[in-house]
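S.K.: Starting from these lines, generate the structure:
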Amino acid sequence: QVQLVESGGGLVQAGGSVRLSCVASGRTFIAYAMGWFRQAPGKEREFVAARSWNGGNTNYADSVKGRFTISRDNTKNTVYLQMNSLKPEDTAVYYCAAERGLVVTTTPDYWGPGTQVTVSS
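M.R.: The predicted structure is shown next:
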């Protein structure tokens, strides 16, 4: 069993930056690919970024490429999402996800409860 807890969300102005963190419980963090998804009001949950334990598989949604960076510290069981040049359309609840293996699919093994990010124009 893996438990995920996100933090770092909040209100930010357009053009600003926010860093999200997600801490995972358990002792097998490197066995999991970690990812971030988001869900805006009235929309389906969508993939944002994912990273394997060693970074060999790192992927981003086209909408965030060049602005967001996913990283992880395996010594701290933590994955980060650095979000720069934020736009109002980035407003959403951001969810951390974990999936055993090297990739994160649309049906990961575990989800965090989510953290709200609101970007004001």
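
S.K.: who are the neighbours in contact with the residue nearest to the spatial centre of the chain?
M.R.: Note on the chain: the residue nearest the mean C-alpha position is W36, at 2.5 Å, using Cα atoms, centre = their mean. Going by Cβ atoms under 8 Å, 6 or more residues apart in numbering, W36 touches L20, C22, V48, A49, A50, I70, V79, L81, Y94, Y95, C96, A97. In short, each C-beta sits where N, CA and C put it, glycine included.

S.K.: cutoff 7 Å now
M.R.: W36 makes contact with V48, A49, I70, L81, Y94, Y95, C96 under the criterion Cβ atoms under 7 Å, 6 or more residues apart in numbering.

S.K.: Not counting residues beside it along the chain, what's closest to V48?
M.R.: Nearest residue to V48, sequence neighbours excluded (Cβ to Cβ, 6 or more residues apart in numbering): W36, at 4.3 Å.

S.K.: give me phi/psi at A31?
M.R.: With angles defined as degrees, to the nearest 10, A31 sits at phi -80, psi -10.

S.K.: same question, I30
M.R.: With angles defined as degrees, to the nearest 10, I30 sits at phi -70, psi -10.
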